[in-house]
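Peer 1: Using only what follows, build the 3D model:
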Amino acid sequence: MHLLGDEWSVGQPLEYLSVLNPFTGEPVAQMPVASQADVSAAVGAAGEAAIWWSKLVPAERGKYLCDAGERVGAGLDDLFRLEALEMGKPVSAARDWALGSVTAFAEMAKVAEDFFRQPLGPSGSAQLRVPYGVAGLIVPWNFPVMMAIGQLAGLLAAGNTVVYKPSERSPMSAVRLVELMALPTGVVNLLLGDGRTGAELVRDKRVGVVSFTGSVAAGRDVGASCGKLLRPALLELGGKDPVIVDAGVDPTWAAELVARAGLLNSGQICVSPERVYVHRDIAAPFLDALVEAAESEVLGDPLDPATTLGPLVDERQRTVVASQVAEALAAGARALTGGEVPAGPGTFYPPTVLVDVTADMRVMREETFGPVIAVQVVDTFDDAISAANTTEYGLAAIVLTEDPDHIARAGEVHAGIVWVNGWQAYAEGMVYEPAKASGLGRTGGGVDFLSSLTQARAVVVSSP
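Peer 2: Just a heads-up that it's a prediction; the model follows:
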């Protein structure tokens, strides 16, 4: 159901869509698709709440957020189970990611207290940061809880109220998340639906800022709609993230890191590496270790703690993955492991390692979003950087090297965030901004993130 102000309701649905369990293929829920009237009601409720929410001092908002974070933390097991049922994420993976994310409420509340302390200038002049008012938040299906929490924490700490639309592929965890947060009426409103609902939300003139995470195609549409209304949009879109494996690194260590990053959540992570450029000197042992790591994954029921690799979210996504691999194999690539759709129930695709790939193959150019790691052998670090930058995307990258000069050059890779000798490490307060077709706007944490979620306002006082 939607949450429209203080009322949980099915609203005036355009239709109902089935939410399928990708492990069994069976429906697990029926979801109402919000109508224009439902969107209008949600935005109206958020607008009414914004009047008082924006006037609270940061510490008062922070108290609400810290309390919400504690309630969400206590209900994580519910969220893990729902993510497993609706999009196939193993409960083990969900737990690892969500446990850290619930601290975002308290962290952003603390950042906001410092952020809004603006010094007065001469004669009482001041540089202010003010919230946009109503924020439209659209999150993807692959990490529905973690990604929603991060954005909600920032938007709310900045003084905005939110109309939150999850993906139609993973709405159940969103409903439970909003229930657990239990914020005052209108502060967070929930709309269920598909692209039609999101489009209505983005077009509503009362929405002051939009935060969207999803595909490049959908992000372009969101950006175009916001541009027509001269409204800011934060867009985190797709990636075709590279890994550079330099000469001199431990090939087994490098392979295990690449396998973990590339196969977690069945590769359905926007910052998962999909292209690997390995130096010829260590290519053979690296590939041996990568295949061994891939074949050690345990495919099975996402609710089973022993499962490390669940199914893909649905048949549509499996078709994308399988077609890219099939085309590559037909064009001369080889699969060292995997590469074929398995028999049996569930939308599984096996961990796959491809070699003899070329830059013109779709599996090297377009986002795969599946458990597929394509490996190309290079002769030099310069060759690897050049190949890594030959893409329209620029979301994330990994550089594995022991060479101090090459570490210093990691920033030459065109990506919003470049991890050197690691993955998913974040320095406190750092933000990143997607490059090229991977999006617009700063995200992450700290004061720069809050700057993206607020508007600058100068108050200049002169003597009469």
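
Peer 1: Okay, now the unreliable bits of the stretch 201-350 of the chain?
Peer 2: Across the stretch 201-350 of the chain, nothing is flagged by pLDDT under 70.

Peer 1: Do you have the helices of it handy? List them.
Peer 2: For the stretch 201-350 of the chain, applying DSSP state H, counting those that start in this stretch gives helices covering 216-228, 251-263, 283-295, 315-330.

Peer 1: would you turn those helices into a markdown table with mean neighbour count and distance to residue 204?
Peer 2: From N, CA and C alone the C-beta is placed, and that goes for glycine too. Shown next, in a markdown table, are the helices of the stretch 201-350 of the chain (neighbours: other C-beta atoms under 10 Å; distance: least, C-beta to C-beta, whole Å):
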| stretch | mean neighbour count | distance to residue 204 |
| --- | --- | --- |
| helix 216-228 | 16 | 10 |
| helix 251-263 | 22 | 38 |
| helix 283-295 | 19 | 45 |
| helix 315-330 | 18 | 28 |
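
Peer 1: With distance to residue 273 added, can I get the ones you listed in CSV?
Peer 2: Converted to CSV, these look like this (distance: least, C-beta to C-beta, whole Å):
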stretch, distance to residue 273
helix 216-228, 18
helix 251-263, 5
helix 283-295, 11
helix 315-330, 15
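
Peer 1: Between those helices, which one is closest to residue 242.
Peer 2: Each of the helices of the stretch 201-350 of the chain was scored for nearness to residue 242 using C-beta to C-beta, and the closest is helix 251-263 (10.9 Å).

Peer 1: Remind me what the closest one packs against, helices and strands.
Peer 2: Packing contacts for helix 251-263, counted by 3 or more C-beta pairs under 8 Å, 6 or more residues apart in numbering; DSSP states H and E, involve strand 241-245, strand 273-279, helix 283-295, strand 372-378, strand 396-400.

Peer 1: Point to the residue nearest the middle of this protein.
Peer 2: Geometric centre of the chain, nearest residue: residue 147, 5.4 Å, by C-alpha atoms, centre = their mean.

Peer 1: residue contacts, that residue?
Peer 2: 139, 140, 213 (C-beta atoms under 8 Å, 6 or more residues apart in numbering).

Peer 1: can you tell me which residues contact the closest residue to residue 166 other than its chain neighbours?
Peer 2: Using C-beta to C-beta, 6 or more residues apart in numbering and skipping residues adjacent in sequence, the residue nearest residue 166 is residue 174, 3.6 Å away. By C-beta under 8 Å, 6+ apart, the contact set of residue 174 is 139, 144, 145, 148, 164, 166, 190, 192.

Peer 1: Over to residue 283?
Peer 2: 375, 377.

Peer 1: From residue 140, how far out is it?
Peer 2: 34 Å (C-beta to C-beta, to the nearest Å).

Peer 1: what's the answer for residue 207, then?
Peer 2: Taking C-beta to C-beta, one finds residue 207 at 19 Å from residue 140.

Peer 1: Report the separation between residue 128 and residue 158.
Peer 2: 13 Å.

Peer 1: Looking at these two, which is more packed in?
Peer 2: residue 158 (28 against 12; other C-beta atoms under 10 Å).

Peer 1: How about the more buried one, nearest residue that isn't a chain neighbour?
Peer 2: residue 453 is the one closest to residue 158 (C-beta to C-beta, 6+ apart), at 4.0 Å.

Peer 1: neighbours of the one you found, just the number please.
Peer 2: 28.

Peer 1: I figured it hits residue 129, correct?
Peer 2: No: using C-beta atoms under 8 Å, residue 453 makes no contact with residue 129, being 9.1 Å away.

Peer 1: Please enumerate the shared neighbours of these two.
Peer 2: residue 158.

Peer 1: Minimum distance to residue 93: which of the helices of the stretch 201-350 of the chain has it?
Peer 2: Nearest of the helices of the stretch 201-350 of the chain (C-beta to C-beta): helix 251-263, 10.2 Å.

Peer 1: Contacts for the closest one next, please.
Peer 2: 243, 245, 272-274, 276, 278, 282, 285-290, 292-294, 297, 309, 351, 371-373, 398, 400, 422-424.

Peer 1: Stretch 106-119 now?
Peer 2: In contact with stretch 106-119 (C-beta under 8 Å, 6+ apart) are residues 57-59, 61-63, 65-66, 69, 126-129, 153-154, 156-158, 429, 445-447, 449-451.

Peer 1: Among these, which are located in strands?
Peer 2: The strands, defined by DSSP state E, take in 126, 127, 128, 129 from the contacts of stretch 106-119.

Peer 1: who wins for most neighbours among these?
Peer 2: Going by other C-beta under 10 Å, residue 129 tops the ones in strands among the contacts of stretch 106-119 with 18 neighbours.

Peer 1: Nearest spatial neighbour of that residue, chain-adjacent residues omitted?
Peer 2: Residue 129 sits nearest to residue 454 (C-beta to C-beta, 6+ apart), 4.2 Å away.

Peer 1: tell me, how many neighbours does the one you found end up with?
Peer 2: Neighbours around residue 454, by other C-beta under 10 Å: 23.

Peer 1: Next, give phi and psi for it.
Peer 2: As for residue 454, its main-chain torsions (degrees, to the nearest 10) stand at phi -140, psi 170.

Peer 1: Over to residue 249?
Peer 2: The phi/psi pair for residue 249 (degrees, to the nearest 10) is phi -80, psi 160.

Peer 1: thinking again about what came up before, what helix or strand is the residue nearest to residue 166 on?
Peer 2: Assessed by DSSP states H and E, residue 174 sits inside helix 172-181.

Peer 1: What ranges does the stretch 51-200 of the chain have for its strands?
Peer 2: 126-131, 134-138, 161-165, 188-190 (DSSP state E, counting those that start in this stretch).

Peer 1: so what does the first one touch, helix or strand wise?
Peer 2: Contacting strand 126-131 under the criterion 3+ C-beta pairs under 8 Å, 6+ apart are the following elements: strand 454-459.

Peer 1: list the buried ones in the strand it packs on?
Peer 2: For strand 454-459, the neighbour count (16 or more other C-beta atoms under 10 Å) marks residue 454 as buried.

Peer 1: same for it, what does it pack against?
Peer 2: Partner elements for strand 454-459 (3+ C-beta pairs under 8 Å, 6+ apart): strand 126-131.

Peer 1: CA atoms of the strand it packs on as CSV?
Peer 2: These are the backbone C-alpha positions of strand 126-131, laid out as CSV (Å, rounded to 0.1, in the frame of the first residue of the first chain):
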residue,chain,number,x,y,z
ALA,A,126,24.7,35.6,6.4
GLN,A,127,25.2,32.8,3.9
LEU,A,128,22.4,30.3,4.4
ARG,A,129,21.6,26.8,3.2
VAL,A,130,17.9,26.1,2.9
PRO,A,131,16.1,22.9,2.0
